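Student: Next one to model:
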Amino acid sequence: MSPWPDWLKVIQLKPRFLFGLWLLGAIILLSPNGIAENFGIKNIRESFRGWIGIGTLAAFAFWCVQLIPLYQTKRNNKKRRQKIIQALNSLSGEERVLLAYCVCRNQQTINLEITHRAASALVAKSMLVMASGIGNQLAWPFSIPDFLWEHLRDNPDAVLQGIAHDDPQLEAHFYQIDRHIRR
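Tutor: Numbering: from 1, shown residues only. You can find the predicted model right below:
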């Protein structure tokens, strides 16, 4: 048997359910007498106004308390994503070429050796995500996170700045990546 009464499990409800409980209690308490009488809640409201009020206030308080961590998580994710996007300016040449390859070839996922130096550095910077599971160590999938991919597609110069599009060295780097992928 649980040390907590069953009615205290309301604390564990998701925020949308707590909002629903709060809204239901507010409607019951605040609806005009004519509407309350039509819905048959006037007698319930008059008999249990105190309990309904306490339950409504508790649901509202628990809902507010649960929204704070959700808000903080979203804010922290947004800050982290902005830092990752700002870090595009500090990439090494090899890392920049790898992302430029993905942008130029319009592919969000690239298969490389599991120990690829530039890919590992980008994984450490959260600019690439290494697939989990088992597979071929010579052709391991690495993906650019969606938020970064959208940014790179909207702003290709973020990785292509300082790289001439017709530069033979860039084409040589792309050729090495292509050759590696087709192995």
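
Student: Let me know the distance separating the nearest residue to Leu160 once chain neighbours are set aside from Ala131.
Tutor: Residue nearest to Leu160 in three dimensions, not counting chain neighbours: Ala100, with 5.5 Å by C-beta to C-beta, 6 or more residues apart in numbering. (Each C-beta comes from the backbone N, C-alpha and C, glycine too.) Ala100 is 21 Å from Ala131, where distance means C-beta to C-beta, to the nearest Å.

Student: more neighbours, those two?
Tutor: Taking other C-beta atoms under 10 Å, Ala100 and Ala131 do not tie; Ala100 has more neighbours (23 against 13).

Student: pretty sure that one is in contact with Gln161, am I right?
Tutor: No: at 9.7 Å, Ala100 does not count as touching Gln161 under the criterion of C-beta atoms under 8 Å.

Student: Now do the same for the residue most central in space within the chain: its pLDDT.
Tutor: Closest residue to the average C-alpha location of the chain: Asn77 at 6.9 Å, with C-alpha atoms, centre = their mean. Per-residue pLDDT puts Asn77 at 94.

Student: measure it to Lys14 for me?
Tutor: In terms of C-beta to C-beta, Asn77 sits 19 Å off from Lys14.

Student: three-state assignment of Gly133?
Tutor: Secondary structure assignment for Gly133 (DSSP: H, G, I helix; E, B strand; the rest coil): coil.

Student: Name all residues that make contact with it.
Tutor: Contact partners of Gly133, counting by C-beta atoms under 8 Å, 6 or more residues apart in numbering, are absent.

Student: which residues of this structure score low on pLDDT?
Tutor: Along the chain, the model assigns pLDDT under 70 to residues 1-11, 137, 162-172, 175, 178-183.

Student: Helices along that one, start to end?
Tutor: For the chain, the helices defined by DSSP state H occupy 15-30, 33-39, 42-86, 93-105, 117-124, 146-154, 157-160, 168-182.

Student: What residues of the fifth one count as buried?
Tutor: Neighbour-count burial for helix 117-124, counted by 16 or more other C-beta atoms under 10 Å, picks out Ala118, Ala119, Ser120, Ala121, Leu122.

Student: ok, now stretch 78-91?
Tutor: Buried residues in stretch 78-91 (16+ other C-beta under 10 Å): Ile84, Ile85, Leu88, Leu91.

Student: Using CSV, please lay out these together with distance to Pro32.
Tutor: Shown next, in CSV, are the buried residues of stretch 78-91 (distance: C-beta to C-beta, whole Å):
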residue, distance to Pro32
Ile84, 53
Ile85, 52
Leu88, 58
Leu91, 63
